[in-house]
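K.L.:
3D model of this:
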Amino acid sequence: MNNEPNNQSVKRHMALRALVSALLVIVFALLYIFYWPSLYDAILARQFQPNAQIAAINSRLKLTDQGTNLFYASVPTIQSQDQFNTSCESTERTTAMLGCYFKRHIYLYNVTNKDLDGAVEVAAAHEMLHAAYDRLNYFDRMSVDRMIQEQYEKIKDDPEIKSLMAYYNKAEPGSDINELHSIIGTTISSVSPELEAYYKRYFTDRSSIVALNAKYTAVFKEVESQSKALSAQIETEKDALKSDLATYDVDRVQLETDIDSFNERAKNGGFTSQSALTAARNALLARTSALNARRLTINERIAAYNQTVAKLNALSVKVGELNKSMNGITTPASGV
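P.N.:
Numbering: from 1, shown residues only. Reported below is the predicted structural model:
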């Protein structure tokens, strides 16, 4: 009996089974790559029980379901200074730090200063975007990296962006695209339509986050602007007062000398007539009156100068309070 056809049939069957198995492996691999992270986040998010503060932050962020899943799956926690610095393993830095994404968890610094309303929410959105970037598959990441790099080319000369990226390049080398992904998403209002469409995966209204960022950072900009204006005013007035006081002292000494001379002449009959004496005395009285008026004006200017200095000192105190509120540490800071 010839078994060759049967053998060929078995071989074809085995080859077909192998092909089907390979295809199933590929399909399951693709399903795992593209869908399992989102599914797993949804499971973790359902298990997370947010407290009232975290729930309020989530509501204010106006996240999509995917954004909320990422946020809650990262177990967001608001912490005090010592807890925050321990969780984020950061106690020495030169820029403000309100949050961190560390070991797939989000930690937020407890900002209680009412002047900085919105700061925690912006930090939460920033860290959620780190979680989002962390979940991107290879293909998505290539596309997102390209969009982020293209957007960065448009904003790289902005002083605030320059300052932030200089910090991250030093503190976290190699994280530039990851950080830009969060920075652009929470601070830049106008991005390419393609990038805006991508961010809509996570935000139903990204502009509200950008507005919150602008609102609380405006507090720092306003204080900085006022400080610069007051400092310039103080320096200008200080130089003017110094010059005017020096001139006043010269004129005062000269007047005192002239009065002594007048008294000596009057005592020794140095005037040829009463009218001459009266005219000289009236001239001295006029000079004295004018000098006294100058002294009063200078005193008023000194009082105003001291008030300006007091305002600047009060602003310095406020800056210290704001920085302390922002940093999670006690050293001054300049960023997010």
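K.L.:
got the CA positions of the helix or strand containing Glu179 in CSV?
P.N.:
Using DSSP states H and E, Glu179 falls within helix 176-187. C-alpha atoms of helix 176-187 as CSV (Å, rounded to 0.1, in the frame of the first residue of the first chain):
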residue,chain,number,x,y,z
ASP,A,176,13.9,65.1,27.9
ILE,A,177,11.1,63.7,25.6
ASN,A,178,9.3,62.2,28.6
GLU,A,179,9.4,65.5,30.5
LEU,A,180,8.4,67.5,27.4
HIS,A,181,5.5,65.1,26.9
SER,A,182,4.2,66.3,30.3
ILE,A,183,5.3,69.9,30.1
ILE,A,184,3.8,70.5,26.7
GLY,A,185,0.6,68.8,27.7
THR,A,186,0.0,70.9,30.8
THR,A,187,1.5,74.3,29.9
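K.L.:
neighbouring contacts of that helix?
P.N.:
122, 125-127, 129-130, 132-133, 144-145, 148-149, 151-152, 155, 161, 164-165, 168-169, 172, 191, 195, 199, 202-203, 206, 209-210, 213, 336 (CB atoms under 8 Å, 6 or more residues apart in numbering). Bear in mind the C-beta positions are built from the backbone N, C-alpha and C, glycine included.
K.L.:
do the same with stretch 49-64
P.N.:
Outside stretch 49-64, the residues touching it (CB under 8 Å, 6+ apart) are 67-68, 71-72, 76-78, 108, 120-121, 124-125, 128, 200-205, 208-209, 212.
K.L.:
Flag every buried residue along that stretch.
P.N.:
50, 54, 57-58, 60-63 (16 or more other CB atoms under 10 Å).
K.L.:
In contact with Arg206, which residues are there?
P.N.:
Counting by CB under 8 Å, 6+ apart, Arg206 has contacts 185, 196, 199-200.
K.L.:
That one and Asn213, how far apart?
P.N.:
Separation of Arg206 from Asn213 (CB to CB, to the nearest Å): 11 Å.
K.L.:
Equivalent analysis for Leu284, please.
P.N.:
From Leu284 to Asn213 the distance is 67 Å (CB to CB).
K.L.:
Who has more neighbours out of those two?
P.N.:
Regarding Leu284 and Asn213, a neighbour count based on other CB atoms under 10 Å identifies Asn213 as having more, with 23 against 16.
K.L.:
Looks to me like that one is in a helix.
P.N.:
Yes. Applying DSSP: H, G, I helix; E, B strand; the rest coil, one finds Asn213 inside a helix.
K.L.:
what's around the residue lying closest to it once chain neighbours are set aside, how many residues?
P.N.:
Leaving aside its sequence neighbours, Asn213 sits nearest to Val122 (CB to CB, 6 or more residues apart in numbering; 4.6 Å). When neighbours are defined as other CB under 10 Å, Val122 has 25 of them.
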